[in-house]
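K.L.:
Sequence plus the predicted model coming up.
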Amino acid sequence: MAENGNGSVKEGFEMPEIKYTKLFINGEFVDAASGKEFETRDPRTGDVIANIAEADKVDVDLAVKAAREAFDHGPWPRMSGYERGRILHKYADLIEQHIEELAALDGIDAGKLFAFGKAVDIPGAIRMLRYYASAADKIHGETLKLNGAYQGYTLKEPIGVVGVIIPWNFPSMMFFLKVSPALAAGCTVVVKPAEQTPLSALFYAKLAKEAGIPDGALNVVNGFGPTAGAALTSHMDVDNISFTGSPEIGSVIMQSAATSNLKTVSLELGGKSPMIIFDDANLDMAVGLASAAVFFNKGEICVAGSRVYVQEGIYDEFVKKVIEVAKGWVVGDPFDPKVNMGPQVDKVQYERVLKYIEYGKRDGATLLTGGKPCGEKGYYIEPTIFADVKEDMKIAQDEIFGPVMSLIKFKTIEEAIERANCTKYGLAAGILTNDINIANRVSRSVRAGTVWINCYFVFDADAPFGGFKMSGFGRDQGMNAIEKYLQVKSVITPIYNSPWL
Amino acid sequence: MMGQRLVSSLLSRCLYASHRILNPLTRQERKLGLATRISQRFSTLTAIEDPVTPPVEVKYTKLLINGQFVDAASGKTFPTLDPRTGEVIAHVAEGDSVDIDCAVKAARKAFDEGPWPKMTAYERSRILFKFADLIDEHNDELAALESWDNGKPFEQSAKEEVPLLSRTIRYYAGWADKIHGLIVPGDGAHHVQVLREPIGVAGQIIPWNFPLVMFAWKVGPALACGNTVVLKPAEQTPLTALYAAALLHEAGLPDGVLNVVSGFGPTAGSALAGHMEVDKIAFTGSTGAGKIIQELAAKSNLKSVTLELGGKSPFIVMDDANVDQAVELAHSALFHNQGQCCCAGSRTFVHERVYDEFVEKAKARALKRVVGDPFKQGVEQGPQIDEEQFSKILEYITSGIDSGATLVAGGGRAGNKGFYIQPTVFSDVKDEMTIAQEEIFGPVQTILKFKNLNEVIQRANASPYGLAAGVFTNNLNNANTLMRALRVGTVWINCYNLLDAAIPFGGYKMSGIGREKGMDSLNSYLQVKAVITPLENHAWL
């Protein structure tokens, strides 16, 4: 480990003030009906940051009722796209004024790097919101060509009340990934943030009200999946559920939608994304991208490039260099600007990652570096690399959601494609090559929703994002995401004496 | 702030002075049947005397080239006049071909070397959004300058047109990061990408009737797509384009991206349209000038051309219409902006069953129209833009009388100073009369009678123009039939002059080429590049 790599808490950092801890329903902060609360903890220390109101079914019912009312009778879907867009732009401006505070909230709540939050996470969330703010007046239906003397057209109508359930790994980004297109479309929203990271979502709720989003159009109910989450996904008055999280929960949500009112569902789930490095790749770039792809955000990212396929010609050299790079990653307090990697989000995740490291050893993979916790307090884990990994090993099949790289050697393009696709997931893939034919061939052959060629993690508000196979369905980002929150209505009427058809 | 205070004090003064204009009649007066006399007296005389001092100062009168305000190379200037009085507002630098060359060179460099087209679309959009916010902050100054230079009612500038400027800029700012090409299927094993690239240096020539709105329609999409621009405002109204361009630079626009060269068509305009380094020319104005522009483009470098030209748009009132509503809408369709709209509803076709009632009420409405100093509150109609237009309109009125149409209202100048014309209505107009065929571009309504749907479709389409049409009916089938049968770029059904940013606007036939506003306008400012490369061992096609 490098200097500071002891997983310690940086002294002298000023805790952000925790202003909002209640549920946000119909424009007001309220306690849970039951009066219950749960603790949200600082993953650097495991200490309690605040007690948060804990919603269950009763509170979800109230939030849905408010959202329903705001949709059925309120101004939000009835104002022009331009007006909605103006309010959302104002919302973005308000967030921009609080970047530091919000990055700090995500820092203490999710263990995310403070500097990164300030420079990337929160600005990225703002960018997402602005993208959809100006998409609100660009939702087009079409006039149609019908087989007869009819005038036909489509209307794209907001779908209604949208339930949003988001994970803890990118609390701000996930919030706006879902909420911005839904609001832009004219829907009203009930958000359940992850129980690990409720703080920034509540702050966003407060800013939404300040920006002029009408009461009831955006509600935030903190709580747990089996109670609040289940109440939302099975609710008869919710028209759509948008979820990001694990495949297991995705499956539960889809069943819940099926057995209630057949609400539409979009799921953005796990991944076991391959990073495929060909002999002709720039080695230093490959090493840098491959390590960032799996260690970034402590590996707590659904698109983590957790299976690294390296062609045999450069394999040995790659191994040497990637070990060096991994050893150079600084693990420590996320508020320290020198730190590359903070703690895992909570004890459960921390223990899960360590268990997978054990599986790796047990199944015969070669541990090249890392493999241990670091620091005496908090949930810090060393950047870990396994070599000689086979596709049937648990560490190659399951999403670990931690800083654990599986290295695999391959010979031919055919082999790389086949092995890369040998997964139930299909979220993303990386390709490193300068050969245009390899790039084109592999990008079409990999069954994944995003392919990065000679880059990784290039997320953009305009680039649709989502999964093939068990990584989910539906897309976030881009104009595609708005479609999830719209119904299509065809309107047809006879037309007489038309000079053309 | 200063401007705002001036405006509010001005408005309160107006409120006092023109109380009778705003509320011309008490109920008792109406009972006494004084409506026509009183409102005419107030509308055409009182309000025109004693022009209000516009609450704004003229800051920018030079050419804007490469981020700098500069004199014309020749040192020449021309006067821009106040249409209320014909007096000089300011002397403005007069660009000619030398200045156009400088401006195009700056735009070329800004395009070829950047940073504008090389920035991310998001960054470009941020600058345009900032510009829109600055427009809102300077709403009343821009509006005052617009009304001073153009003669349109200040309230119309301040409440409709300047907001439409910022709204349109925001619309295109929002497009910047949503300009998508397609990945298209090849017939064989090929990967095909379609890139939509900025076209380069755009020349834009805008008219005097809606200087700021036209600025928005042209500059908004051009800049959002990453182009650079040389804009020539109309010589009658150069002031607001310079002001708006200054705000755009304040918002962070790099030098050379937007250049504004004031001047005249035959010199500056031709130099721009015929320039070998200009990749695209967009023009709004008369059909005659549009032809010259297209010819210049053809003779020089075959630059692509969009033209938004004249019109003689029909406004069709069916027999099921509520006559009072139809009259009001037909009235505003024609008289809005002193009749100086390319899409003015200048042929009012009225079904014979409601014709007489319509004519009577259209007359009453025209007589009630409040004509006066555009800076006075409640004024609906200001002066025409200049003496040339003023005289031309009066000639058309004479022609209408000579050809046997019935003059129902107006028919002459209003007041004895400036370029005011009485709201004028002709009935019994026949298709072959000059006033039914040519674009008058003034406050002259021509009412024609029709018997049935097929007849009115035929007559409405019997025009070299095809810009817009109004349809007034509650009959769904008639509305649908007319909507398809009319050979025009915009059909307004039970409304008129709805010019939202997202709605494409442009003409059929000799009303022009291409569309402005909406997504369609982006196409005018983008090149399409297809990129094809073979696929080896493709997984699918």
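P.N.:
All right, it came through fine. Residues are numbered from 1 along each chain as shown, chains lettered A, B, ... in the order given.

K.L.:
What's the first helix or strand after the helix or strand containing residue B:213?
P.N.:
Assigned by DSSP states H and E, residue B:213 falls within helix B:211-224. Next in sequence after helix B:211-224, counting helices and strands by DSSP H and E, comes strand B:228-232.

K.L.:
So which other helices or strands are in contact with the next helix or strand after that next one?
P.N.:
Going down the chain from strand B:228-232, the next helix or strand is helix B:239-250, by DSSP H and E. Secondary-structure packing of helix B:239-250 (3 or more C-beta pairs under 8 Å, 6 or more residues apart in numbering or on different chains; DSSP states H and E): strand B:63-65, strand B:87-93, helix B:121-137, helix B:139-150, helix B:211-224, strand B:258-260. No exception for glycine: its C-beta is placed from N, CA and C like everyone else's.

K.L.:
which outside residues touch helix B:239-250?
P.N.:
B:58-62, B:64, B:67, B:69, B:80, B:89-90, B:92, B:127, B:131, B:134-135, B:138, B:141-142, B:145-146, B:148-149, B:165, B:206, B:211-212, B:215, B:219, B:231, B:233, B:255, B:258, B:260, B:262 (C-beta atoms under 8 Å, 6 or more residues apart in numbering or on different chains).

K.L.:
repeat that with 6 Å
P.N.:
Contacting residues not belonging to helix B:239-250 are listed as B:60, B:64, B:131, B:134, B:142, B:145-146, B:149, B:211-212, B:215, B:233, B:258, B:260 [C-beta atoms under 6 Å, 6 or more residues apart in numbering or on different chains].

K.L.:
a markdown table for those residues, including distance to residue A:104 and neighbour count?
P.N.:
Formatted as a markdown table, those follow (distance: C-beta to C-beta, whole Å; neighbours: other C-beta atoms under 10 Å in any protein chain shown):
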| residue | distance to residue A:104 | neighbour count |
| --- | --- | --- |
| B:60 | 45 | 22 |
| B:64 | 44 | 25 |
| B:131 | 33 | 27 |
| B:134 | 32 | 19 |
| B:142 | 41 | 28 |
| B:145 | 46 | 30 |
| B:146 | 47 | 30 |
| B:149 | 52 | 28 |
| B:211 | 49 | 27 |
| B:212 | 44 | 27 |
| B:215 | 44 | 25 |
| B:233 | 50 | 30 |
| B:258 | 40 | 30 |
| B:260 | 46 | 28 |
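
K.L.:
so how many other residues sit close to the closest residue in space to residue A:94 that isn't next to it in sequence?
P.N.:
Distances taken as C-beta to C-beta, 6 or more residues apart in numbering or on different chains put residue A:207 closest to residue A:94, at 4.6 Å, once the chain neighbours are dropped. By the criterion of other C-beta atoms under 10 Å in any protein chain shown, residue A:207 has 19 neighbours.

K.L.:
Can you tell me which helices and strands the helix or strand where residue A:207 lies packs against?
P.N.:
Per DSSP H and E: residue A:207 is located in helix A:199-211. Packed against helix A:199-211 by the contact rule (3 or more C-beta pairs under 6 Å, 6 or more residues apart in numbering or on different chains; DSSP states H and E) you find helix A:81-96, helix A:99-110, helix A:171-185, strand A:218-220.

K.L.:
now, of these, which is deepest in the fold?
P.N.:
Highest mean neighbour count of the helices and strands packed on helix A:199-211: strand A:218-220, a mean of 30 (counted as mean count of other C-beta atoms under 10 Å in any protein chain shown).

K.L.:
Write out the residues of the stretch 351-500 of chain A neighbouring chain B.
P.N.:
A:437, A:440-441, A:444-445, A:462, A:495-499 (C-beta under 6 Å from any C-beta of the partner chain).

K.L.:
pLDDT below threshold where in chain A?
P.N.:
Low-confidence segments of chain A (pLDDT under 70): A:1-14.

K.L.:
Tell me which residue in it sits closest to chain B.
P.N.:
residue A:134 (2.4 Å; C-beta to the nearest C-beta).

K.L.:
correct me, but that residue touches residue B:174?
P.N.:
Yes: look at residue A:134 against residue B:174 with C-beta atoms under 6 Å: they come within range, at 2.4 Å.

K.L.:
list the contacts for the residue in the stretch 201-350 of chain B that chain A sits nearest to?
P.N.:
Closest approach between the stretch 201-350 of chain B and chain A, counting by C-beta to the nearest C-beta: residue B:224, at 10.4 Å. When contacts are counted by C-beta under 6 Å, 6+ apart, residue B:224 touches B:172, B:175-176.

K.L.:
Out of the residues you listed, flag the one nearest to chain A.
P.N.:
Nearest to chain A among those, with distances taken as C-beta to the nearest C-beta, is residue B:175, at 7.2 Å.
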